[in-house]
Each structure stands twice: as structure tokens, then as C-alpha cells.
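A.B. asks: Below are the sequence and a predicted model for it; my questions follow.
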Amino acid sequence: QSVLTQPPSVSAAPGQKVTISCSGSSSNIGNNYVSWYQQLPRTAPKLLIYDNNKRPSGIPDRFSGSQSGTSATLGITGLQTGDEADYYCGTWDSSLSARVFGGGTKVTVL
Amino acid sequence: EVRLVESGGALVQPGGSLRLSCAASGFTFSSYHMNWVRRAPGKGLEWVSFVDTSSTTIYYADSVKGRFTISRDNAKNSLYLQMNSLRDEDTAVYYCARRDDFDIWGQGTLVTISS
């Protein structure tokens, strides 16, 4: 059971938009920055979003992040087949003194 | 080029030990906090351990506390994970990752615990 809750899967047609939710509590998302990671099949994870809504260099603006209260959201617009991957939210949990991840969301492009 | 390269993964029997290494290049290793993260087969990402730049502050996930030890050698640009009393559930690909938000990841090294 993950500390952060994500939907197991989301899907949409090419070109459409998907959003992935990440729900936590005041000890994690409510008081710490959220990051989002993409893990393509058979590759290492990659940082997509940090500090709730910032994109590292090289990450297209099709990917966006937001945070409100104890929840965060990753948005992907203009969905492409190459976006099929597992996506994870992560943050620090001040009560646990531990970094925590969501259970992961599999994005399928129909 | 900023790079992290893990090594040391192997097939080990339950109860055994293993030491993973992570070689850093392309950046000032001593200026960055470092982490180990793992992904077990069929499961999601799990943070394992954190060490700050000077090894003063160290954290572990409850699942490995008392069995794993993280360390670093800034002179050698290297991060380590000593894993003892290994269990079946420690089977995973282990990644080293830079910074509090894991901005750079290595390619991973596979640890298999099986008799």
C-alpha cells in the first residue's frame, strides 16, 4: 500500500490529453514539493516535473504539473505513442522521514 | 555528460550479502545528495536510502533499516549500498539517483535473491 495514491491506469487516443492524480496528506504533498517520473519499458526512470510544476531542460511543455492542498496532478497533452509508460509521483514525507512514491500509473495510448 | 553507472548486482542466496556501487561522472559529486531506489518485478518504485553530501544525514526505508548501509566516497565520486541479510523481497533493479528529487538516474543493476 503506497503512501501516495495514483490510479493504476489511464488511456486516451493519440493527440488527446490525460491527467494523472496523486493524492497524499499534509505530511507529504501538503507541505513538500512533488516530482513526477516517467519510466518507459526496460529503461531507467526519468524526471519529468520537479518542485510541483517545473520542467527540467529537454522535457517538452506537453507535460505539466500542478499541486493543490494534499493532491498533485500530472497532465500530458498531445498524447503520443511514445508516451506509453509508467508514471510515478514522489515527494518527501516529513512524518516518516522518507521519500515516498505513488503506486504508479500506466498510460496507454489507444 | 552527467552520468551515474551502477554495478555489483548478482544472484545471491537468501541471508547473503552484496555491495552495490554507483560511479558518478560529469558533475561535482560532493555537492549533491544521493539516493538508492529500487523496482521489484511487477511492482512500482520504492525509495531505499538517502545520504547527504557529507554523510552526516542518512535515511532508510523501514523495509531495509538495520540490514542495508548507504555510504559515499566523495574522493572517488562513488556511492555504495551494503546489503546484508538479504530476503526474497529484496529482488529488484537498484538505481542510484542524484539530488532530493532524483533528477539523474543510473541505468540500474539487477539483484536477484533466490536459493
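C.D. replies: Ah, there it is. Only a predicted model underlies this, so the values are computations on that prediction, with no experimental measurement involved.
A.B. asks: So for the residue at the greatest distance from the centre of chain A, what pLDDT did the model give?
C.D. replies: Within chain A, the residue lying farthest from the chain centre (Cα atoms, centre = their mean) is residue A:95, at 21.5 Å. We have a pLDDT of 96 for residue A:95.
A.B. asks: From residue B:57, how far out is it?
C.D. replies: As for residue A:95, its distance to residue B:57 is 17 Å (criterion: Cβ to Cβ, to the nearest Å). (Each C-beta comes from the backbone N, C-alpha and C, glycine too.)
A.B. asks: coming back round to it: neighbours of the closest residue to the residue farthest from the centre of chain A other than its chain neighbours, just the number please.
C.D. replies: Nearest non-adjacent residue to residue A:95, counting by Cβ to Cβ, 6 or more residues apart in numbering or on different chains: residue A:27, 3.9 Å away. Applying the criterion other Cβ atoms under 10 Å in any protein chain shown, we find 17 residues in the vicinity of residue A:27.
A.B. asks: so what's residue A:27 up against?
C.D. replies: Residue A:27 makes contacts with A:93-96, as judged by Cβ atoms under 8 Å, 6 or more residues apart in numbering or on different chains.
A.B. asks: Apply 10 Å and report the result again.
C.D. replies: Contact analysis of residue A:27 by Cβ atoms under 10 Å, 6 or more residues apart in numbering or on different chains lists A:3, A:70, A:91-96, A:100.
A.B. asks: Turn those into TSV, including distance to residue B:32 and secondary structure.
C.D. replies: Listed next are the contacts of residue A:27 as TSV, based on distance: Cβ to Cβ, whole Å; DSSP: H, G, I helix; E, B strand; the rest coil:
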residue	distance to residue B:32	secondary structure
A:3	25	coil
A:70	29	coil
A:91	19	strand
A:92	16	strand
A:93	21	strand
A:94	21	coil
A:95	25	coil
A:96	23	coil
A:100	21	strand
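A.B. asks: okay, among those residues, which ones form the most distant pair?
C.D. replies: A:70 and A:96 (15.0 Å; Cβ to Cβ).
A.B. asks: measure the residue nearest to the spatial centre of chain B to residue A:8 for me?
C.D. replies: By Cα atoms, centre = their mean, chain B has its centre lying nearest to residue B:36, at 3.4 Å. Distance check for residue B:36 against residue A:8: by Cβ to Cβ, it reads 26 Å.
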